[in-house]
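Peer 1: Provided below for reference: sequence and predicted model.
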Amino acid sequence: MKTTEIVLKKPKQRKSIGPTRSPETRRAIVEAAREILTSEGYGGFTLDAVAKRAGASKPTIYKWWQGKPGLLIEIYDQESEALLTTPDLGSLADELVWLIRNLWRFWRITACGAALRSLIAEAQHDGAALALVKDRLLPQRRSYPLSVFERAKARGELDADFDPTDATDLLTAFSWYHLVTDTLDREKDIEPAVAMIAAGLRGA
């Protein structure tokens, strides 16, 4: 089974561009945030530090991302999309294993994994962070397994009227358990779990 090698790209050096609202300002803010997240972790990832490095203003960051959690999710989306868009491997089980393995490696190797754990913890006592997790982060994350299930339906592996909602929730819970317990190195757990889920779905 093929896997994807994760290569972290070093952001290009840039000059401060001032507070003007523009696509260039947006890129500068995201690049600055990515650099700080990588070097300082979520604890050192402050809007003051991001604004200073980007040459932008905190009000601009709040306007576009509603604060630190929204900016983190922007970075997460940008860095994870190419790694989690699952190719057609001809099998539901193979595609789910590919997706979960790449997700765990992304969480384990990049700064986004540790930051996501911190964001989940923050969301337990911060209503704004919880809303972003529920309304923005999770829907995007769910789109990846949902596309795998839709392809399996088209191949005839699943019934045409199969509703993948519960199966997607189950896969999400499985991965998030390993994230929050810091056991993402246990990739051996992936194939048996996927085999059990896939067998149950085919027998449903």
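Peer 2: In hand now; what should we look at?
Peer 1: per the record, what domains does the chain have?
Peer 2: Following the assignment in automatic domain parsing, the chain carries domains at 23-65, 72-202.
Peer 1: Touching, residue 35 and residue 53? I think so.
Peer 2: Yes - look at residue 35 against residue 53 with CB atoms under 8 Å: they come within range, at 6.8 Å. Where C-beta positions appear, they are placed from N, C-alpha and C, glycine not excepted.
Peer 1: if we can go back for a sec, include mean neighbour count and mean pLDDT when you put the domains of the chain into TSV, please.
Peer 2: Formatted as TSV, the domains of the chain follow (neighbours: other CB atoms under 10 Å; pLDDT from 0 to 100):
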stretch	mean neighbour count	mean pLDDT
domain 23-65	17	93
domain 72-202	17	93
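Peer 1: Tell me which stretches of the chain form helices.
Peer 2: 23-40, 47-54, 58-65, 68-84, 92-109, 111-123, 127-132, 138-155, 165-180, 190-202 (DSSP state H).
Peer 1: show me what contacts residue 46?
Peer 2: Contact analysis of residue 46 by CB atoms under 8 Å, 6 or more residues apart in numbering lists 36, 68.
Peer 1: What does it show for phi and psi?
Peer 2: phi -110, psi 150 (degrees, to the nearest 10).
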